[in-house]
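Undergrad: heads up, no residue letters with this:
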């Protein structure tokens, strides 16, 4: 990480003292942070990253597209259960989740963008793609979020039966909802609706 900071600083043509001033800290404190690591003062590393024109994840891992969880847990983590109402509030009206399908040789999980409609999840798929379940298949659907900076997050898991939407009026209704367009593109004319038999969730809090 210190190497990435030096590399980016030299690329921008700024001195260590200048970087420290832009990050609102003394040069000595900048050196101390680099020795102590990002868990000592997460906010300090956010300021360093901003001064270098980088994201915090870029600074810590060197990747813009690093998977979540690189920052490590927050202080004194605790898991709390969510009520059903809180679960629906967390997933909102639309977003990206993961559909778990019972296929051979083992379960398969795919990311899909979803909409929430009348206490159910719905997503678009094609007839010959991995996200297309068998009619009436028992599936799981998960949505989650993690706050890298605070080390907090939540996860909602729904279990239910997948059914294809074959009513034209219902299809037009789903097509008009926010988030309905498939991120993966391509010809995905089929809507799959999952009405959960059970929906549970957990929230990770710290402090």
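TA: Looks like it came in fine. The shown structure was predicted, so the numbers you read here are calculated from the model rather than taken from an experiment. Residues are numbered from 1 along each chain as shown.

Undergrad: and the longest strand along the chain, what does it pack onto?
TA: Ordering each strand of the chain by length in residues (DSSP state E) puts strand 190-205 first. On a contact count with 3 or more Cβ pairs under 8 Å, 6 or more residues apart in numbering; DSSP states H and E, strand 190-205 meets strand 78-82, helix 84-91, strand 121-125, strand 138-147, strand 152-164, helix 168-175. Backbone N, C-alpha and C define where each C-beta goes, glycine included.

Undergrad: may I have the strands that pair with it, each with its orientation?
TA: The partner list of strand 190-205 in its sheet, established with DSSP bridges, is strand 78-82 (antiparallel), strand 121-125 (antiparallel), strand 152-164 (antiparallel).

Undergrad: ok, and for that strand, which residues are buried?
TA: Buried residues in strand 190-205, defined by neighbour count with 16 or more other Cβ atoms under 10 Å: 190-194, 196, 199, 201, 203-204.

Undergrad: any idea which of those residues is closest to residue 67?
TA: Checking the buried residues of strand 190-205 against residue 67 with Cβ to Cβ, the nearest one is residue 204 at 16.7 Å.

Undergrad: if I read this right, the closest one contacts residue 154, doesn't it?
TA: Yes: Residue 204 is in contact with residue 154 according to Cβ atoms under 8 Å; the separation is 6.8 Å.

Undergrad: just list whatever residues bridge to the residue nearest the centre of the chain.
TA: Note on the chain: the residue nearest the mean C-alpha position is residue 145, at 4.7 Å, using Cα atoms, centre = their mean. Counting by DSSP bridges, residue 145 is bridged to residue 154.

Undergrad: how close does residue 135 sit to residue 127?
TA: Residue 135 is 12 Å from residue 127, where distance means Cβ to Cβ, to the nearest Å.

Undergrad: do residue 89 as well
TA: The span separating residue 89 from residue 127 equals 34 Å under the rule Cβ to Cβ.

Undergrad: can you check residue 61 too?
TA: Between residue 61 and residue 127 the distance, using Cβ to Cβ, works out to 39 Å.

Undergrad: kindly report the same for residue 49.
TA: With the distance defined as Cβ to Cβ, residue 49 ends up 45 Å from residue 127.

Undergrad: compare these two (neighbour count), which wins?
TA: Between residue 49 and residue 127, residue 49 has the larger neighbour count (other Cβ atoms under 10 Å), namely 20 against 10.

Undergrad: so what does the lowest-mean-pLDDT helix or strand in the chain touch, helix or strand wise?
TA: Within the chain, judged by mean pLDDT, DSSP states H and E, the helix or strand with the poorest mean is helix 56-61; its value is a mean of 80. Helices and strands touching helix 56-61, as assessed by 3+ Cβ pairs under 8 Å, 6+ apart, comprise helix 42-51.
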